[in-house]
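Trainee: I would like the atomic coordinates for the input below:
(one chain, ligands or ions: 1)
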Amino acid sequence: MMSMEISYEINGRKINSDKFCESIVDQTKLIALEATAEHIKKYLNSVICPEHEERPILTMKFENSDLSLTFPCCCDLLKNQVSEILQKEMLI
Ligand SMILES: [Zn+2]
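Mentor: A predicted model of the protein is given here:
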């Protein structure tokens, strides 16, 4: 089974996972974010847009010294599904 794609961004620029991890000074926060991402993946792995057959992309972001997770989607339909799941499971 195909699993969710993970992408990494620093200040809006896509970057590979190695470079991303090297760039984060606060490794404790990075480890916590990775754990959260792994957890969330379990709930979002099976989510597919009924219209475009796309999956949300799990994106780890480092912006203005802040680490965060986002889930870019192909359309609002998928975006709503994703936020429903995250809210139901209290992941956000
Ligand atoms: Zn879609």
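Trainee: so which residues on this structure come close to the ion?
Mentor: Residues of the chain found near the ion (Cβ under 5 Å from the ion) are 49, 51-52, 74-75, 78. From N, CA and C alone the C-beta is placed, and that goes for glycine too.
Trainee: just the buried residues from those, in PyMOL please.
Mentor: Filtering those down to the buried ones (16 or more other Cβ atoms under 10 Å) takes a single PyMOL command:
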select buried, resi 49+78
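Trainee: need the residues of the chain next to the ion in TSV with pLDDT and secondary structure, can you?
Mentor: Putting these into TSV (pLDDT from 0 to 100; DSSP: H, G, I helix; E, B strand; the rest coil) gives the following:
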residue	pLDDT	secondary structure
C49	97	coil
E51	96	coil
H52	97	coil
C74	97	coil
C75	98	coil
L78	97	helix
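Trainee: show me the helices in this protein, by range?
Mentor: 17-23, 27-44, 76-88 (DSSP state H).
Trainee: how about the last one: buried residues?
Mentor: What that stands for is helix 76-88. Within helix 76-88, judged by 16+ other Cβ under 10 Å, the buried ones are 78, 81-82, 85-86.
Trainee: quick one: L33 and E53, what's the gap?
Mentor: Using Cβ to Cβ, to the nearest Å, we find L33 at a distance of 28 Å from E53.
Trainee: those two - which one has more neighbours?
Mentor: L33 (18 against 9; other Cβ atoms under 10 Å).
Trainee: would you agree the more buried one is in contact with L58?
Mentor: No. Applying Cβ atoms under 8 Å, one finds L33 not in contact with L58, separated by 10.8 Å.
Trainee: now do the same contact list for I10.
Mentor: 20, 23, 61-63 (Cβ atoms under 8 Å, 6 or more residues apart in numbering).
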